[in-house]
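A.B. asks: Give me the fold of what follows.
(one chain, ligands or ions: 1)
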Amino acid sequence: MPATRSLSFLLALLVFTIIPVLAQKGKGLHHRSLLVDTHNDCLSAQTLEGRDLGEHLSTGHSDYYRFKKGGVDLQFFSVFTGETARTPLGFYQDALNEIDSLNRLILRHPDKFGFATSYREAIKRAHRKRVVAMIGVEGGHMIESDIQKLDSLSARGMRYLTLTWNNSTEWASSARDESGAGMVLSQKGLNAFGKQVVQRLNQLGVMVDLSHVGEQTFYDALSITQKPVLLTHSSVWSICPVFRNVKDEQLIALKKNGGVVCVNFYPAFISKDFVAQQRYWNGPGKDSVFALYKLSDTNSAKQDWQKSMATALDNARPGLAEVVDHIDHIVKLIGVDHVGIGADFDGIGFVPRGLEDVSTYPRLTEELIRRGYHKKDIKKILGKNVLRVIKANCP
Ligand SMILES: [Zn+2]
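C.D. replies: Coordinates of the predicted model:
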């Protein structure tokens with residue numbers, strides 16, 4: 001056979017035989033595995049904009065039908081409010097409003113969502129038609145430095161507390177502030193009250209989440225906790241060095257603790273090139289667009305800059321393979337028992353190509369198969385590792 005004909009034959013074999021078989025194999029394994037995602041912000045859109053996650057939605061990254069298409073069995077719904085409270089009653093009330101919103105979702109759609117507060121409940125309800133919902137509270141500021149409020153959130157079903165969001169609390173410093181990108185800190189890490197918080201979380205069976213926290217807080221928390229921790233939505237610093245990602249030394253310490261890091265899909269935590277584009281369009285790129293306009297025409301300049309930036313960032317989005325590179329790195333460094341998925345859908349403005357919403361998770365499994373991962377290791381990455389941490393904290 002001439003070389004060109006044999007090449008076309010090989011291509012045809014790949015396109016019509018090998019790729020579809022791989023996709024089919026991936027889908028089968030994917031839907032037989034328990035898929036746990038540790039971080040999704042869709043509850044905020046439901047609370048603030050009145051989206052009903054039990055219906056087909058054309059906006060956002062998540063709804064019941066897409067969760068099920070993506071094979072999601074257990075979803076941690078993030079309870080969130082930013083560093084300025086949404087209501088005059090404050091951060092704690094904002095958290096309660098989000099929990100109420102999740103409860104109402106489950107009441108409206110008891111056939112589609114089921115609530116769990118322990119490993120046993122999660123396992124019992126998983127793998128049926130329903131999505132098992134668990135609560136993660138993203139940001140220690142929501143306890144308002146009050147242990148009783150922490151106890152109350154636990155009683156309402158909180159099963160992880162992210163010690164800080166980007167904002168530090170008076171008892172724990174965040175990654176943004178420790179890295180110098182935010183507030184100037186008088187002291188880094190956990191103070192005496194912060195240490196008490198970690199101990200109380202252990203007692204209550206609420207997992208300690210160390211995504212978003214500064215390095216000093218990370219090591220302080222690891223020195224105190226008696227249970228394995230989670231990093232519910234963080235990626236790898238050595239691939240994409242931004243303050244929200246975790247360094248190799250931190251990953252090694254996490255392995256000693258028995259914890260799990262769940263990879264975040266946000267392009268700005270996955271790809272250095274995406275970060276470089278973001279920096280360019282917020283710096284010299286912005287200046288060059290504004291320089292083209294007269295001072296009186298700032299609105300047009302702003303529109304032009306935003307449009308140019310959006311196009312450039314869209315073009316710079318990483319692909320699915322670059323997300324799996326982060327999983328590979330963690331597996332190579334600390335083993336396959338310490339990695340999971342915490343995509344951060346509905347909390348991120350851009351998504352990787354091929355991982356556009358919660359329905360796309362089967363592609364992740366296909367890529368893991370393509371890279372030669374063993375079936376039992378894929379199951380660990382998709383959910384078993386996180387389930388082990390849930391079991392150790394809240395059996
Ligand atoms: Zn976050």
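
A.B. asks: shaky segments in the protein?
C.D. replies: Per-residue confidence of the chain (counting by pLDDT under 70) places the weak regions at 1-7, 9-22, 295.

A.B. asks: let's go with 90 and repeat that
C.D. replies: Scanning the chain with the threshold set as pLDDT under 90 gives 1-27, 45-47, 49-50, 125-128, 181, 183-186, 287-302.

A.B. asks: Would you mind confirming that G214 is in contact with L190?
C.D. replies: No: using Cβ atoms under 8 Å, G214 and L190 do not qualify as a contacting pair, with a distance of 9.9 Å. In this view, the C-beta of every residue, glycine as well, is placed from N, C-alpha and C.

A.B. asks: neighbours of N40, just the number please.
C.D. replies: The tally of other residues near N40 (other Cβ atoms under 10 Å) stands at 28.

A.B. asks: Likewise for Q148?
C.D. replies: What Q148 shows, counting by other Cβ under 10 Å, is a neighbour count of 9.

A.B. asks: Quickly note the distance from it to A172.
C.D. replies: When distances are taken as Cβ to Cβ, to the nearest Å, Q148 and A172 turn out to be 18 Å apart.

A.B. asks: For the stretch 51-200 of the chain, just list every one of the helices.
C.D. replies: 64-69, 91-108, 119-125, 147-155, 175-178, 192-204 (DSSP state H, counting those that start in this stretch).

A.B. asks: which strands and helices sit next to the longest one?
C.D. replies: Read that as helix 91-108. Of the remaining helices and strands, those touching helix 91-108 by 3 or more Cβ pairs under 8 Å, 6 or more residues apart in numbering; DSSP states H and E are helix 42-49, strand 74-79, strand 113-115, strand 131-138, helix 147-155.

A.B. asks: go on, the last one?
C.D. replies: Under the contact criterion of 3+ Cβ pairs under 8 Å, 6+ apart, helix 192-204 touches helix 147-155, strand 207-209, helix 215-224.

A.B. asks: So for K195, which of these sits nearest?
C.D. replies: Between K195 and the helices and strands packed on helix 192-204, the shortest gap by Cβ to Cβ is with helix 215-224, which sits at 5.4 Å.

A.B. asks: in the closest one, what's buried?
C.D. replies: For helix 215-224, burial by neighbour count (16 or more other Cβ atoms under 10 Å) applies to 215-222, 224.

A.B. asks: and those as TSV, adding distance to P352?
C.D. replies: Output for the buried residues of helix 215-224, formatted as TSV (distance: Cβ to Cβ, whole Å):
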residue	distance to P352
E215	26
Q216	31
T217	28
F218	26
Y219	30
D220	33
A221	29
L222	30
I224	35
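
A.B. asks: Distance to W237 added to the helices and strands packed on helix 91-108, as CSV?
C.D. replies: Output for the helices and strands packed on helix 91-108, formatted as CSV (distance: least, Cβ to Cβ, whole Å):
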stretch, distance to W237
helix 42-49, 27
strand 74-79, 22
strand 113-115, 35
strand 131-138, 20
helix 147-155, 29
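
A.B. asks: which one of these has the most crowded surroundings?
C.D. replies: The highest mean neighbour count among these, using mean count of other Cβ atoms under 10 Å, belongs to strand 74-79: a mean of 27.

A.B. asks: tell me which strands and helices that strand is in contact with?
C.D. replies: Here strand 74-79 is seen to pack against strand 36-40, helix 42-49, helix 91-108, strand 131-138, strand 158-162 when contacts are counted using 3+ Cβ pairs under 8 Å, 6+ apart.

A.B. asks: Quick check: which of those is nearest to K294?
C.D. replies: Judged by Cβ to Cβ, the one of the helices and strands packed on strand 74-79 that comes nearest to K294 is helix 42-49, at 37.4 Å.

A.B. asks: what angle separates that closest one from strand 131-138?
C.D. replies: Calculated by axes from the mean of the first three to the mean of the last three Cα atoms, to 10 degrees, helix 42-49 forms an angle of 80 degrees with strand 131-138.

A.B. asks: counting contacts, what elements does helix 42-49 pack onto?
C.D. replies: strand 74-79, helix 91-108.

A.B. asks: Please compute how far the shortest one lies from its chain's middle.
C.D. replies: Okay, so that is strand 74-79. Mean C-alpha position of strand 74-79 versus that of the full chain (Cα atoms, centre = their mean, to the nearest Å) differs by 10 Å.

A.B. asks: do stretch 24-39 as well
C.D. replies: For stretch 24-39, the distance from its own C-alpha centre to the chain's C-alpha centre is 17 Å (Cα atoms, centre = their mean).

A.B. asks: Over to stretch 358-368?
C.D. replies: Distance, stretch centre to chain centre, for stretch 358-368: 15 Å (Cα atoms, centre = their mean).

A.B. asks: Now do that stretch: everything it contacts.
C.D. replies: 22-23, 25-27, 29-31, 33, 35, 37, 40, 61-62, 66-67, 69-72, 320-321, 323-324, 327, 341, 343, 345, 354-355, 377-378, 381-382 (Cβ atoms under 8 Å, 6 or more residues apart in numbering).

A.B. asks: Show me the residues you listed that map onto strands.
C.D. replies: Per DSSP state E, strands hold the following members of these: 37, 40, 341.

A.B. asks: Buried residues in stretch 77-87, which are they?
C.D. replies: 77-81, 85-86.

A.B. asks: Can you pick out the most distant pair from the residues you listed?
C.D. replies: Spatially, the most separated pair among the buried residues of stretch 77-87 is F77 and A85, at 19.7 Å (Cβ to Cβ).
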